[in-house]
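Trainee: test case, fold it:
(chains A, B, C, D and E)
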Amino acid sequence: MCGRYTLDISEDKLTTYLKTYYEIEQEIDHRFNLPRYNIAPGQRIITILKDGDKFRSGPLKWGFVPFWAKDEKIGYKMINAKSETLASKPSFKHAFKNKRCIILADSFYEWKKDKNGKTPMRISLKNRKLFSFAGLWSSYQKEDGTNLYTCTIITTEPNEFMESIHNRMPVILTKEQEKIWLDPYINDEEKLNTVLRPYNSNEMTAYPVSTIVNNARNETVECIKPIN
DNA sequence: CCAGACGTTGTT
DNA sequence: GTCTGG
DNA sequence: CCAGACGTTGTT
DNA sequence: GTCTGG
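Mentor: Next up, the predicted model:
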C-alpha cells in the first residue's frame, strides 16, 4: 500500500522541473510548503494531468471521492486503488478511462512488520530523482455547489525489492510510461494496463527511519533521517 | 425488478 | 452512475 | 499510512 | 471495533 510519501524539493527547483519535463509555466502554490517530508491522505497534493495537448499541474485532495458519493468522507477509505481491478470497480472505472493523473514524489514510506512490531521504511530511487505515481482523479460536487477535486494512488503487486518490506507497492511510472498514462486520447484498457506494473527492482533503495514519521503532524526533516 | 453497495490493506 | 445480490 | 477519538445535556 | 483527521 502507499499511505505516506515525501516531496523533498524546493519550490524553485520544482518550478524548473515542471517546465523542463512538462512545459508547465505555472507558479507553485506557496501553501504546499515545500520541501515536504510527511505527506498524508486528506491533504492537497501536487499532481499533473493532461488537458487536451497540454500538461497542467494542480492540487488534488488525496482520497478519491466518486462523483456519485453521498458523503465525501468515503475519500478516507479510497486513498489507494488496486491496478488489477480498476476497469471493473464502479468507483474507479470512469476515472480509469477519463481521469488519469500522476502524483509527484521523491520517496514513499511503508511500515515493515517484524518481531518488534512495525518499522517505517523510506523507499526511493537509487538516483534520488523525482518520480511519479500513477493516479486517478475525480470531481465531486458538494452540497454547497462547490467542487471537490480528489485523487488516489494506484497500487500493484510488489517487485522483488519491495517483497521483503510489504506485500503491495505503488505504481511508479517512467517518463515514457507517463506519456501513455496521461494521454487523454488513449482509453484502451489493455494499452493502459501495460504501464501499471511494478517498477524495476534494481533502481530502488530503502532504509529505516524513526517512528517520528508515524504521526502525520510531524513534518520535519527528522522524518527522513536514517536510523540504525 | 428493487435495494444497497460502491474501497484497500492487514489482521483476526 | 453502475454493479451485485436477493 | 498512523493517531486519536469515540456522547449528550445542561451548566459554567 | 470503527471512524475521522492529519
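
Trainee: all contacts plus neighbour counts: C-alpha atoms, from now on.
Mentor: OK.

Trainee: which positions within stretch A:73-92 qualify as buried?
Mentor: A:Gly75, A:Met78, A:Ile79, A:Asn80, A:Ala81, A:Lys82, A:Ser83, A:Leu86, A:Ala87, A:Ser91, A:Phe92 (16 or more other CA atoms under 10 Å).

Trainee: run through who's touching that stretch.
Mentor: Residues outside stretch A:73-92 that contact it (CA atoms under 8 Å, 6 or more residues apart in numbering): A:1-3, A:41-42, A:62-66, A:93, A:96, A:136, A:150-156, A:189, A:193, A:196.

Trainee: ends of stretch A:18-32, how far apart?
Mentor: By CA to CA, to the nearest Å, the extent of stretch A:18-32 from end to end equals 15 Å.

Trainee: and for stretch A:101-111?
Mentor: 26 Å.

Trainee: now check it, is it near DNA strand B?
Mentor: No: applying CA under 7 Å from any atom of the strand, one finds stretch A:101-111 separated from DNA strand B by no less than 8.0 Å.

Trainee: cool, and stretch A:85-92?
Mentor: Yes: counting by CA under 7 Å from any atom of the strand, contacts between stretch A:85-92 and DNA strand B involve A:Thr85, A:Leu86, A:Lys89, A:Pro90, A:Ser91, A:Phe92.

Trainee: who's in contact with the residue of chain A most remote from its centre?
Mentor: Centroid-distance maximum for chain A: A:Lys115 at 29.3 Å, with CA atoms, centre = their mean. By CA under 8 Å, 6+ apart, A:Lys115 lies in contact with nothing.

Trainee: per-residue pLDDT, it?
Mentor: Looking at A:Lys115, its pLDDT is 82.

Trainee: and what of A:Cys223?
Mentor: Note for A:Cys223: predicted pLDDT of 98.

Trainee: number of nearby residues for the closest residue to it other than its chain neighbours?
Mentor: Among residues not flanking A:Cys223 along the chain, A:Val213 sits closest, at 5.0 Å (CA to CA, 6 or more residues apart in numbering). Counted with other CA atoms under 10 Å, residues neighbouring A:Val213 total 24.

Trainee: show the buried residues in the contacts of stretch A:73-92.
Mentor: A:1-3, A:41-42, A:62-66, A:96, A:136, A:150-156, A:196.

Trainee: take those and keep only those in helices.
Mentor: With helices taken from DSSP state H, the overlap with these comprises A:Phe96.

Trainee: for the closest residue to DNA strand D within chain A, give its distance to A:Arg56.
Mentor: Nearest residue of chain A to DNA strand D: A:Gly3, at 3.3 Å (CA to the nearest atom of the strand). Distance of A:Gly3 to A:Arg56, given as CA to CA: 24 Å.

Trainee: got it, and A:Tyr109?
Mentor: Applying CA to CA, the value for A:Tyr109 to A:Arg56 is 26 Å.

Trainee: the more surrounded of the two?
Mentor: A:Tyr109 (27 against 18).

Trainee: check the offset of the longest helix that chain A contains from the chain's centre.
Mentor: Counting residues, the longest helix in chain A under DSSP H turns out to be helix A:11-22. Per CA atoms, centre = their mean, to the nearest Å, the displacement of helix A:11-22 from the mean C-alpha position of its chain is 18 Å.
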